[in-house]
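In: quick check, what structure comes out for this input:
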Amino acid sequence: MAALRTVPSRKRGPPVSTTVPTEVDRAQAQPLHRRILFPPSSSAESPRILHSSAHETLDPLILDLIALSLRAYVTPWYNGAISRDPDKAFLQAVTAVLVHVVQALEVRLAAVDWANVLLSELPDVLANHYRDWDSAVERAGGGMAHNLSVDDMFHHLQPHIAIHLRQAAEGETTARHRVTPEVDRVYLRALVNRLLKLLLPPEDYRSETERAIVREIIVGVVFGTVFNRVAQPWFIHGLIAKQLEAREAERAVAQKTAAADDRPAGTGFVDKAFTALLSLPLLFASLASTFSALSSSARTTSSDRSSSPPPHESLIALILAVVPSSVFLSQLVYLVSLPLAFFSTQLGSFLAQSVTGHACSASTVKVVLEGAIKGMFPNDGWPAPKEEDPDEEAQDELRRRCEEALARALPSSIPSLLYPRLPAEPPDPRIHLARHLLRPLTSHTANVHLFLSIVDLVVGKVFPELIVAPED
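Out: Presented below is the predicted three-dimensional model:
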């Protein structure tokens, strides 16, 4: 009989779970887009989309947005009651086409000077929009335009080949106005068809059926929703009110948290003063390096921006168009314009770097994608049920909430400076200024013109080959 071996005793640790993960558990641990686009047994890797270094952060969000869109709008009509695609090959094929489109857009978006668009061209569009609206309000109903409403006059002051007005039918949400705008579907189809030719793979664009389906989805669903619903005044008022009210709630929570965690005043003041003294050398060094960087970048980019006006001029023109005119504002703009003109090159470079570093950063794109996913699919990854348009009473309530939220966001001293003759009775005088700032947003016609102008601006920058040079 073999001798027994003595095994040294070991200290027992916590029991180790020997449960083997099931196939369902492994599937739930996968990212959302893989659970939708790939079968559980698939070993294929998720496609890489972006060429930039931010692809690890943004690719999963883009794929999630694509997957949720396909599950909500493609799978129901393709599979129906009988699954025609158990291996999800069709969804993967559609995803491959959309990935190609996103990659083509990435290359084009990277070539656009977004600093110039956001700081110069877009403010010019908005300033002209406000000026045309004020001019329409002043001219409508008087002189030779005695039979024209404000919407009619604005449409004549800002004509567009794709927009025409028709008489509002009884029962429409715009029935309080005499006319309602319509965007020409022929114009939109021609525009989308040219975009598809530049974005789709050649073999997909040559397929007339595929091209027609994609075109009609974009024209009917995307553009149709934007111009018919998103451009409604009540929708914009509700959107602004929700954003401002959410920020108010966040500030209130932050103030309560800061008050609860606040230490004794003496200790806090000493710590803050000591920290500020220690940071002064770093602050001066940072300012010096920033100024030198701005000076060098200004010299290198001055030749590229010599044809366009300095950004601060467009921003000042926008402010003058939006806020009410006053003696105080005129004097303030005059005093501020002198130093701004002297440092216009450095200021332009600073603003351009700020836009490039913040508005066009990966973190900003990440926030936009997360907001798009949450807004488009709020019901646990599914679209929200279609809601009926609010009646006139509900629309007035949204407008009131928007005005009050914007008024609370304004400093209390601004209305007395911009509106020296504001009525003294309640409500808050800032509400009068808020109404003035929101004045063109009360018109569906003006909103459609503004949205289409922005679409034309962005399309012209991203797809410059579609722009026709004006005749001499």
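
In: identify the residue nearest residue 436 in space, chain neighbours excluded?
Out: Sequence neighbours aside, residue 324 is the residue nearest to residue 436 in space, at 5.5 Å (criterion: CB to CB, 6 or more residues apart in numbering). Using the backbone N, CA and C atoms, a C-beta is placed for each residue, glycine as well.

In: what about that neighbour, how many residues close to it?
Out: Residue 324: 15 surrounding residues under other CB atoms under 10 Å.

In: let's verify it: helix, strand, or coil?
Out: Under the three-state scheme (DSSP: H, G, I helix; E, B strand; the rest coil), residue 324 adopts coil.

In: surely it is in contact with residue 435?
Out: No: with contact defined as CB atoms under 8 Å, residue 324 does not reach residue 435; the gap is 10.6 Å.

In: related to what we said a few turns ago, got the phi/psi numbers for the residue nearest to residue 436?
Out: Phi and psi for residue 324, reported as degrees, to the nearest 10, are phi -70, psi 150.

In: gap between it and residue 130?
Out: Distance, residue 324 to residue 130, by CB to CB, to the nearest Å: 11 Å.

In: spatially central residue for this protein, please.
Out: Residue closest to the mean C-alpha point of the chain, counted by CA atoms, centre = their mean, is residue 368 at 6.7 Å.

In: helix or strand with the lowest mean pLDDT in this structure?
Out: Between all helices and strands in the chain, the lowest mean by mean pLDDT, DSSP states H and E belongs to helix 265-301, at a mean of 46.

In: what sits closest to residue 355 if chain neighbours are left out?
Out: Nearest-residue entry for residue 355: residue 115, 4.4 Å, with adjacent residues in sequence omitted and distances by CB to CB, 6+ apart.

In: next one: residue 337
Out: Per CB to CB, 6+ apart, closest to residue 337 is residue 316, 6.9 Å.

In: what do you get for residue 440?
Out: Spatial nearest neighbour of residue 440, chain neighbours left out: residue 133 (4.1 Å); criterion: CB to CB, 6+ apart.

In: tell me which helix or strand residue 216 sits in.
Out: helix 208-217 (DSSP states H and E).

In: buried stuff in that helix?
Out: In terms of neighbour count (16 or more other CB atoms under 10 Å), helix 208-217 has its buried residues at 210-211, 214-215.

In: could you give the separation of the helix or strand that it is followed by from the chain centroid?
Out: As assigned by DSSP H and E, the chain's next helix or strand after helix 208-217 is helix 224-225. In terms of CA atoms, centre = their mean, to the nearest Å, the centre of helix 224-225 is set 17 Å apart from its chain centre.

In: give me the buried positions along stretch 44-61.
Out: For stretch 44-61, by 16+ other CB under 10 Å, it's 46-47, 49-50, 58-61.

In: actually, stretch 371-382.
Out: 373, 377.

In: follow-up on the earlier one: ok, the residue nearest to residue 355 touching residue 351?
Out: Yes: between residue 115 and residue 351 there is a contact at 7.0 Å, judged by CB under 8 Å.

In: any common contacting residues for the two?
Out: Contact with both residue 115 and residue 351 is made by residues residue 311, according to CB atoms under 8 Å, 6 or more residues apart in numbering.

In: between these two, which one's more packed in?
Out: For residue 115 versus residue 351, neighbours defined as other CB under 10 Å are more numerous around residue 115 (21 against 18).

In: where do the helices sit along the stretch 351-472 of the chain?
Out: According to DSSP state H, counting those that start in this stretch, the stretch 351-472 of the chain carries its helices in the segments 362-376, 392-409, 414-418, 430-437, 444-462.

In: ok, residues contacting the first one?
Out: Residues from elsewhere that reach helix 362-376 (CB under 8 Å, 6+ apart): 52, 54, 57-58, 61-62, 64-65, 68-69, 358, 383.

In: quick one: least confident of those?
Out: Across the set of those, residue 358 stands lowest in pLDDT, at 70.

In: how about that residue, what does it touch?
Out: Residues in contact with residue 358 (CB under 8 Å, 6+ apart) are residue 364.

In: can you tell me how far it is from residue 121?
Out: Separation of residue 358 from residue 121 (CB to CB): 19 Å.
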